[in-house]
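**Q** What would the 3D arrangement of this be:
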Amino acid sequence: MPEHPCQRSGFSRRQALAGLAALVVPACSRKVAIFNPLAPSAAVSVARCLSYGAELTPTLGRMFDQLGGLGKLVAGKTVALKLNLTGAPRQRFGTVPSELSHYTHPAVVGATIRLMAAAGAKRIRVLEGCFVSSDPLEEFMLDAGWDPNDLLNAAPNVEMENTNVLGRGTRYHRLMAPRGAYIFPGFDFNHAYDESDVVVSMAKLKEHGTVGITLGMKNMFGATPITIYGDGAGKDEPSVDARGGRDLMHDGHRGPSKSAPQELDPSSSRDQGYRMSRIVVDVCAALPVHLTIIDGITTMLGGEGPWMGRTMRIGSPGVLIAGLNPVCTDAVGTAVMGYDPAATHGQQPFDRCDSFLELAEIRGLGTRDLRRIEVVGTPIKDAVYAFRQHRPSGFPGSGWIS
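**A** Residues are numbered from 1 along each chain as shown. The predicted structure is shown next:
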């Protein structure tokens, strides 16, 4: 029988059963879900929103109010907004603009900036590790067909940074995971994350070919600079330019620059479904996320980007999700996608990987148990957009990388 992730993390079966509550997963599964009753919970706001037009800003404003108000979170503080701009800026699904398929939509970013400025944010940093690029984030956006000035002028004191490189910093900042780690005990990040008071993950509601789904937590994987964690990174010290993707993180064929924290166990599995789920948790433990905003107004079905193949489709879930705990928020997002957040390895959407939600809960980052998460605004049942039911006929049920 395959071992449970809690056994891989160092828990004995007796410890797991003594410390965690075993509950039966409803309907879709015969396996047992193990929840951590000590994992924190926080409210998650869900709202129907059918367009990126006039309804967007007031909808986001109501959602933030339902979470206790932005002022408590951002007033007088520097806020980092980590976007999801995965892939090359001109790599599109046919002629569909990237923000309608796999990028965080700039209208959501702009509305968030304006609302945070109105709530008293001192400085707002728009951040992303641009795909295989050392260019400024503004240049990347221009290549994608965006006008970065729309965001830079949305409020006073807005700045942008490509976090793949040093940018305005003089050194990378090391952040360690305080709750232990699965693969990496810590990471070296661009200064903008460590020098911000509040970190916000601005994600897209999407599936993912390796870890099943990509929401707020998986979005933070892109915060790791490819000058250190990319295939073209320097073997000893970070490279000056961003070169190559993060395949070394996916399959472990080599380590990051030796100046950065190294793997705890280089003999551990190189399977991507094992590694990536754990690295996502390690990144979120080392770089805590204070607010997650998930853009699910329009998105892509079947994977994280247009490179996933011809069996992709554009969907319109018409939903926004926001929450103060990344695990809770992603759990609700998973349910809105028509999946069970209590699912484990071998169950949708984690058909070929370990569940990073389960691994994060084991580590105490947050609960994925919907019974312990207060959902405010639109009930989940009224927001569900079952991704697999909206796929084209003949779409593979699992292992959908084409």
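
**Q** Downstream of the biggest helix by length in the chain, the next helix or strand is which one?
**A** With secondary structure taken from DSSP state H, the chain has its longest helix at helix 272-286. Per DSSP states H and E, the first helix or strand lying C-terminal to helix 272-286 is strand 291-296.

**Q** quick one: the helices in the stretch 301-402 of the chain?
**A** 326-336, 356-362, 380-383 (DSSP state H, counting those that start in this stretch).

**Q** Tell me the helices and strands packed up against the second one.
**A** Counting contacts by 3 or more Cβ pairs under 8 Å, 6 or more residues apart in numbering; DSSP states H and E, the secondary-structure elements packed against helix 356-362 are helix 5-8, helix 216-219, helix 272-286, helix 326-336. The way it works is simple: take the backbone N, C-alpha and C, and place the C-beta from them, glycine included.

**Q** Worst mean pLDDT among those helices?
**A** Ranked on mean pLDDT, the bottom entry among the helices and strands packed on helix 356-362 is helix 5-8, at a mean of 44.

**Q** Save the helices of the stretch 301-402 of the chain as JSON lines, and put in distance to Val132 and mean neighbour count too.
**A** Putting those into JSON lines (distance: least, Cβ to Cβ, whole Å; neighbours: other Cβ atoms under 10 Å) gives the following:
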{"stretch": "helix 326-336", "distance to Val132": "26", "mean neighbour count": "29"}
{"stretch": "helix 356-362", "distance to Val132": "24", "mean neighbour count": "28"}
{"stretch": "helix 380-383", "distance to Val132": "35", "mean neighbour count": "15"}
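
**Q** Mind putting those helices into JSON lines with distance to Gly252?
**A** Formatted as JSON lines, these follow (distance: least, Cβ to Cβ, whole Å):
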{"stretch": "helix 326-336", "distance to Gly252": "24"}
{"stretch": "helix 356-362", "distance to Gly252": "17"}
{"stretch": "helix 380-383", "distance to Gly252": "36"}
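
**Q** follow-up on the earlier one: which residues sit against the longest helix of the chain?
**A** 175-187, 210-211, 217-218, 220-221, 223-224, 249-252, 268-269, 326, 345, 350, 352-356, 359-360, 363, 365 (Cβ atoms under 8 Å, 6 or more residues apart in numbering).

**Q** List the buried residues in that helix.
**A** Residues of helix 272-286 classed as buried: 272-286 (neighbour count, 16 or more other Cβ atoms under 10 Å).

**Q** Greatest separation within those: which pair is it?
**A** Gly273 and Ala286 (21.3 Å; Cβ to Cβ).

**Q** one step back: centre of the chain versus the longest helix of the chain, how much separation?
**A** 11 Å (Cα atoms, centre = their mean, to the nearest Å).

**Q** just stretch 268-277 next, same as before
**A** 18 Å.

**Q** So what would you say the end-to-end distance of it is?
**A** Length of stretch 268-277, first residue to last, Cα to Cα, to the nearest Å: 13 Å.

**Q** ok so, going back, can you redo the helices and strands packed on helix 356-362 as a markdown table with distance to Gly94?
**A** Shown next, in a markdown table, are these (distance: least, Cβ to Cβ, whole Å):
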| stretch | distance to Gly94 |
| --- | --- |
| helix 5-8 | 38 |
| helix 216-219 | 24 |
| helix 272-286 | 27 |
| helix 326-336 | 25 |
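
**Q** contacting residues for the nearest residue to Gly212 once chain neighbours are set aside?
**A** Sequence neighbours aside, Pro349 is the residue nearest to Gly212 in space, at 3.7 Å (criterion: Cβ to Cβ, 6 or more residues apart in numbering). Contact analysis of Pro349 by Cβ under 8 Å, 6+ apart lists 207, 212-213, 334, 337, 339, 343, 387.

**Q** ok, those residues vs Ser45, which is closest?
**A** Ranked by distance to Ser45 (Cβ to Cβ), these are led by Thr334 at 15.7 Å.

**Q** Make sure Phe221 is actually in contact with Gly245.
**A** No. In this structure Phe221 lies outside contact range of Gly245 using Cβ atoms under 8 Å: 11.8 Å.

**Q** And these two? Which one has more around it.
**A** Ranked by neighbour count (other Cβ atoms under 10 Å), Phe221 and Gly245 place Phe221 first, with 22 against 16.

**Q** From Thr334, how far out is the more buried one?
**A** 17 Å (Cβ to Cβ, to the nearest Å).

**Q** what's the average pLDDT for stretch 94-101?
**A** On average, stretch 94-101 scores 90.

**Q** which residues touch the nearest residue to Trp146 once chain neighbours are set aside?
**A** Leaving out its chain neighbours, the residue that sits closest to Trp146 by Cβ to Cβ, 6+ apart is Pro106, at 5.5 Å. By Cβ under 8 Å, 6+ apart, the residues touching Pro106 are 99, 141, 146, 150-151.

**Q** Quick check on those: which are buried?
**A** For those, buried by 16+ other Cβ under 10 Å: 99, 141, 146, 151.

**Q** okay, those in JSON lines with distance to Ala75 and secondary structure next?
**A** Below are the buried ones among the contacts of Pro106 laid out as JSON lines (distance: Cβ to Cβ, whole Å; DSSP: H, G, I helix; E, B strand; the rest coil):
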{"residue": "Glu99", "distance to Ala75": "29", "secondary structure": "helix"}
{"residue": "Met141", "distance to Ala75": "28", "secondary structure": "helix"}
{"residue": "Trp146", "distance to Ala75": "28", "secondary structure": "coil"}
{"residue": "Leu151", "distance to Ala75": "21", "secondary structure": "helix"}
